[in-house]
Every structure is written in structure tokens, then in C-alpha cells.
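S.K.: missing the sequence, but the structure's below:
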């Protein structure tokens, strides 16, 4: 663990966390590459496959103060069979809710392949007392969550208390037990691509099974450049340690077009091995309807009407 | 003195309140009366139609939610702004039309401006004329109210280029519909100049969207779009109109076309409150009478 402190060495010294090297990010090159990947043209047959893949890797999310058990049940039904009129549409990967609603989701999804994910650990700020955060994680898992999304302690991270941020994630990993741990970096608050790269490495070394861009609760969410930055961090991690960590993109992903841009970014950076629900997720609420509309457009040749799809 | 380079206008499409080139990046040459090149117009694609319908859809609720009085003010404002650019419109109509004299072009511009004013006046009156209280056998107030159908696709009439466009567009939007207009394929430039006046007349973004380009490419996606509630096929050739009607029927879209009398563009027969009604649904409400 002494290696962790190497992060705080003076500029010029090797930047590393627990022995894993953190290379600097070329911001201009990163944004150019991300923009280039987003202009890739996708042909019709690939589009159909991409739309189905986007559904299979989706974490259908509702994180509102106004969430009721009935609303979560309806969401779970939709997660299992996204289009009531067409059962050839695959199920989504998971439903993501607040801990209080995990039992409702777990019951509704008991006979489906859809996993239950819960945010926990003082979401979205992550600044509740540590004991309370860890207790929340353990509670969510006990209530039936297969996956837990916690937030990075940005207060600690941004003030350079990396050890504290690391220990908290490691603690949450323990509290998770067999459930998968996703760590939300909230990239919109980290300030630079270098910081995003550093936070990604720190979270992965501390035991995260997935690293995730955003809570969706602040204005700046997932962008192509951020996705590419984190995908490159995951690639570095795999090269240096042999460990495969997953990537979850969330916040502001509303259209099918955005979704397949992200599929291209991940496919090009990490390879087809990452284009599965085990290693890649899209967290979204309104994306599903747009994907279903595009799917219907490919099937019928007609542009669809939003009013014909569900409100949530 | 050196020769000055002329600064020519780029005629772009009008989608969601913005002047945009086609998503496809294409353009096509537009010739004037004598065959000379007037400008390169945007050659729109089906994706431009899709974007325009999406813009019209999102603008519709807000536009219909305005008070009738306010919509009337805005339509009158369109006439005001056109009046201040009368010479520009006349010149453009004269350049585009086949054998159109300067005098005839000026008359057409005047008639188009007057038509906006005519429909502006109807904004807060048509509901009274077309709807009203119905006598029924029971203790109920029974009221019929015309409400806008939603998004209307208008296939613009070819020539002359200005007056028919205004004659078909004004009755559509006065009741609270939003419109996606396919401009005349041969004379699309005046439609874009009209869009400029709309953009300056407090007409909210997305209420009128104007696409330029080839009919055979643009009519099918517009007619087949599920989010288009009504279609005005006045500018379609019979074969294309038949295909478009079939497409429209599959998504239960109402099809309207101008009658022979309505095609006498300069006459009073081209304007009518029943044209407003053609793009409205009548909602009837039963309300028990109190004691």
C-alpha cells in the first residue's frame, strides 16, 4: 500500500497508484480521436445489431425522489420485455434504483434474466458518514441487489487524500460481498482528463468491477472524450495487471445514435470482448424508447412517433 | 475603384428556427426565367424531413397553447415584416416565375401579404364560427370546439411560388398546428425568403419548417412519418399524390388537397375558414347543467 502514496510525489516523478502506472493524457488528441470515432458511418445491418446490443447492455434507471413501488414495477416489466408488442426485443441488463426500492425490483425481476442494481453509499454526493455509507451498501446487497453503484469521494480525491478515497472504495468492495461493485467517478466534477485517468486507476486498483462516468445528477455527464479516456484507462489496467474491469457510461445518453457512437468507442479501444453486458453498460432512462423507435424504423421503414411509446 | 465581389445569399433550409444545410451536404442549381443560375438550393434528404418533423412535433404543444389572440398578433406581424420587404419579394417572384411581369409579381406579393392579414383576423374567431353550443335532448351544456390536428405536412404548389404557399400555410398554423413544408422544387428560393420573415416575426421556432429538394425523395418519408397528423398534397402530381395517400392511410394521416376553386390563388375563393377547419379536429364536451 505504500505505493499508493507515489501519486503525491512531485511533478516529474513517475505517477502511479499501488504500482500501476498512470500515463498523462493528451487532451487534444483524445478529443479528436473521440470525435473521429463518432463520425463513423454505420450500415443498416450493423445498425440492427447495434440497437439490440444497446438494449442488452442497458441499465434501465430511475433515480427520482418521486419513485414509487408501482413505477419501479412498471419499469421492471419494461426491462424484461422492452416492447410489449414484440418479444424478439432482448431484455436489458439491469434495473437501477435507490436502495429502498431494491426489494420491489428484486421481486418483480425474480423470474427474469434482468439483474437488480442499486445506487448506494450516499449517492449522489458520497459525503454521508463512512459507516452509514458502508451500511447502506450492505443493506442493498442483503435486500437483493446484484450490483451496487457507489460514488467516488470527490472531496477526498480532489484534495489529494487519495488513500482515503482508496480505502473507502476497498471498504465498499468488502461490504458488497459477491455483488458487483461499480464506482461512479462523476467525471464532470473532476476537472481534467488527467484527473479522470487517475481516478479511474484508483477505483480499479481499489477493487471496482466497473467504473462509471456520472451520477446523472449534475449538468455535465458522459461525453465521447470521457468515455474514451476511461476506456483507455481500462485498457492500460488490463495490459499492466491482466485484470478486466468493466465500463459504465451514464448521464445524458438519450438517442440511439449516441449509443452506437459509444459502442464504436468501446469496440475500437477495448475490442469486442468488452461489448457484452458483463463488461459494458449504458445507464439511461429515456434511451430505451429512442432505441425502440429506431428499431421500428428499421423494421417498417417509417419514422415513429414518440407519443406511441411509454412515458417513462 | 476595384470591382466589388457580389455577396450572394446562401438559401438554406429552415428547420427548428435555424437555417441549415442538408444533413446530406447536397445542393442543386435553381434556374431563373431565362435559364440562368439564380442560386444553389439545398437538396434536402429524408433525414432532414425527420429532423423537421421532430422540430414541428416539439413546437406544437406550445404554439397551440398560446392564446388565439396572440397567434393572430403573430400572423399579423408576419404581414408587417413582409410589407417592409415587399420589393425583395416582388423581385424574387419575378425572377423565378415563368413569364411573370414585374407588375404581376408585385400584385402577387400584395395578395400574399393581405392573405396573412386575412387569416390573422380569423385566429380568435374561427372557433366561434366552426364550433359552438349544440342543442341536445338532456340537461347538458354540449359544446363543440375545433382543435388543431397537430403536425401538418404541406407539399407546396409549384408556380407562382409565393401566394399558393402562403394560402396553404396560413390556415394550417393559425389554429395551432405546426407545419413541415416541402418548398416548390423548381422555385424554392422565395419560400426560404418567406422563412426569413417568419424567423423575424415572433413565430416560435419549429412552428414552420421549410425543406427544399426533390419531390420524389422527400414526399415518401413525409407521408409515411407516423408523427405527421395531416397532409396537404396540393402540390403533388396525381401519381405521387396516390402513392402518398396510400402511405398516409397506413398511419391514419388525414389527406387534404386544394379544390379547383381554391386553386384560383388570387381570388377570394382561395381563402376560407373551412380551410382552417380542414386541419382541425372537433372536440365535443358534455357538461351537466347545474340547478
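M.R.: Alright, I've got the coordinates. All of these numbers come straight from a predicted model, not from anything done at the bench.
S.K.: Show me where the stretch 101-250 of chain B has its strands.
M.R.: B:132-133, B:140-148, B:151-155, B:178-182, B:208-211, B:230-232 (DSSP state E, counting those that start in this stretch).
S.K.: Ok, which of those strands comes nearest residue A:26?
M.R.: The minimum distance between residue A:26 and the strands of the stretch 101-250 of chain B falls on strand B:208-211, with 41.2 Å, by Cβ to Cβ. Glycine gets a C-beta too; all of them are placed from N, C-alpha and C.
S.K.: Mind listing residues that contact that closest one?
M.R.: Residues outside strand B:208-211 that contact it (Cβ atoms under 8 Å, 6 or more residues apart in numbering or on different chains): B:13-16, B:44, B:48-49, B:52-53, B:55-56, B:169, B:173, B:178-183, B:191-192, B:194-195, B:198, B:218.
S.K.: Pull out the buried residues from those.
M.R.: Among the contacts of strand B:208-211, those scoring as buried are B:13-16, B:44, B:48-49, B:52-53, B:55-56, B:169, B:173, B:178-183, B:191-192, B:194-195, B:198, B:218 (criterion: 16 or more other Cβ atoms under 10 Å in any protein chain shown).
S.K.: Go through these and flag which are in helices.
M.R.: B:48-49, B:52-53, B:55-56, B:169, B:173, B:191-192, B:194-195, B:198, B:218 (DSSP state H).
S.K.: which of the residues you listed are close to chain A?
M.R.: B:49, B:53 (Cβ under 8 Å from any Cβ of the partner chain).
S.K.: Let's check: the centremost residue of chain A is which one?
M.R.: residue A:248 (2.2 Å; Cα atoms, centre = their mean).
S.K.: Which residue would be the closest one in the stretch 101-250 of chain A to chain B?
M.R.: residue A:224 (19.3 Å; Cβ to the nearest Cβ).
S.K.: what sits against residue A:303?
M.R.: Residues in contact with residue A:303, defined by Cβ under 8 Å, 6+ apart, are A:297, B:49-50, B:53, B:221, B:224-227.
S.K.: For it, which non-adjacent residue is closest in space?
M.R.: residue B:225 (4.5 Å; Cβ to Cβ, 6 or more residues apart in numbering or on different chains).
S.K.: Share the number of residues neighbouring that neighbour, please.
M.R.: Burial of residue B:225 is recorded as 29 neighbouring residues (other Cβ atoms under 10 Å in any protein chain shown).
S.K.: My read is that the residue nearest to the centre of chain A contacts residue A:209, right?
M.R.: No - at 9.9 Å, residue A:248 and residue A:209 do not qualify as touching, with contact defined as Cβ atoms under 8 Å.
S.K.: Report the set of residues contacting both of those two.
M.R.: residue A:182.
S.K.: sorry, back to before: what is the nearest of the contacts of residue A:303 to residue B:91?
M.R.: residue B:49 (29.9 Å).
S.K.: re the thing from before, now render the ones in helices among the buried ones among the contacts of strand B:208-211 as a markdown table, adding pLDDT.
M.R.: Below are these laid out as a markdown table (pLDDT from 0 to 100):
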| residue | pLDDT |
| --- | --- |
| B:48 | 96 |
| B:49 | 97 |
| B:52 | 97 |
| B:53 | 97 |
| B:55 | 97 |
| B:56 | 97 |
| B:169 | 97 |
| B:173 | 97 |
| B:191 | 95 |
| B:192 | 95 |
| B:194 | 96 |
| B:195 | 97 |
| B:198 | 97 |
| B:218 | 96 |
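S.K.: Would you mind giving the ones in helices among the buried ones among the contacts of strand B:208-211 as TSV with distance to residue B:134 added?
M.R.: Output for those, formatted as TSV (distance: Cβ to Cβ, whole Å):
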residue	distance to residue B:134
B:48	44
B:49	39
B:52	38
B:53	35
B:55	37
B:56	32
B:169	31
B:173	27
B:191	40
B:192	44
B:194	39
B:195	40
B:198	37
B:218	41
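S.K.: For residue A:302, give its distance to chain B.
M.R.: Look at residue A:302 and chain B: by Cβ to the nearest Cβ, to the nearest Å, they are 5 Å apart.
S.K.: Count the neighbours of the residue lying closest to that residue once chain neighbours are set aside for me.
M.R.: Distance criterion Cβ to Cβ, 6+ apart; nearest residue to residue A:302, sequence neighbours excluded, is residue B:224 at 4.6 Å. When neighbours are counted by other Cβ under 10 Å, residue B:224 registers 22.
S.K.: OK, contacts around residue B:224?
M.R.: For residue B:224, the contact set (Cβ under 8 Å, 6+ apart) comprises A:301-303, B:247-248, B:250-251.
S.K.: any idea of the pLDDT on it?
M.R.: Note on residue B:224: pLDDT of 94.
S.K.: All the helices of the chain, residue numbers only.
M.R.: Using chain A. Remark: helices assigned in chain A by DSSP H are A:27-37, A:44-56, A:69-80, A:102-108, A:130-142, A:154-158, A:162-176, A:193-205, A:224-241, A:256-270, A:287-300.
S.K.: ah, no, chain B please
M.R.: B:46-65, B:68-84, B:86-96, B:102-122, B:126-130, B:163-173, B:189-199, B:215-224, B:238-250, B:273-277.
S.K.: looking at those, which is closest to residue A:273?
M.R.: The nearest among the helices of chain B, by Cβ to Cβ, is helix B:46-65 at 33.2 Å.
S.K.: ok, residue A:70 - how many residues close by?
M.R.: Neighbour count for residue A:70, taken as other Cβ under 10 Å: 9.
S.K.: residue contacts, the residue in chain A positioned nearest to chain B?
M.R.: Taking Cβ to the nearest Cβ as the measure, chain A has residue A:305 as its residue closest to chain B, at 3.9 Å. By Cβ under 8 Å, 6+ apart, the contact set of residue A:305 is B:57, B:225-227.
S.K.: what sits against the residue nearest to residue A:303?
M.R.: A:302-303, A:305, B:49-50, B:53, B:153, B:251.
S.K.: And those, which is closest to residue A:65?
M.R.: Nearest to residue A:65 among these, with distances taken as Cβ to Cβ, is residue A:305, at 30.1 Å.
S.K.: For that closest one, give me the backbone phi and psi.
M.R.: phi -120, psi 130 (degrees, to the nearest 10).
S.K.: show me what contacts the closest residue to residue B:13 other than its chain neighbours?
M.R.: For residue B:13, ignoring the flanking residues on the chain, the nearest one in space by Cβ to Cβ, 6+ apart is residue B:42 at 4.9 Å. Residue B:42 makes contact with B:11-13, B:21-22, B:26-27, B:212-213 under the criterion Cβ under 8 Å, 6+ apart.
S.K.: from those residues, which two are the most distant?
M.R.: Going by Cβ to Cβ, the pair spanning the contacts of residue B:42 furthest: B:11 and B:26, at 13.5 Å.
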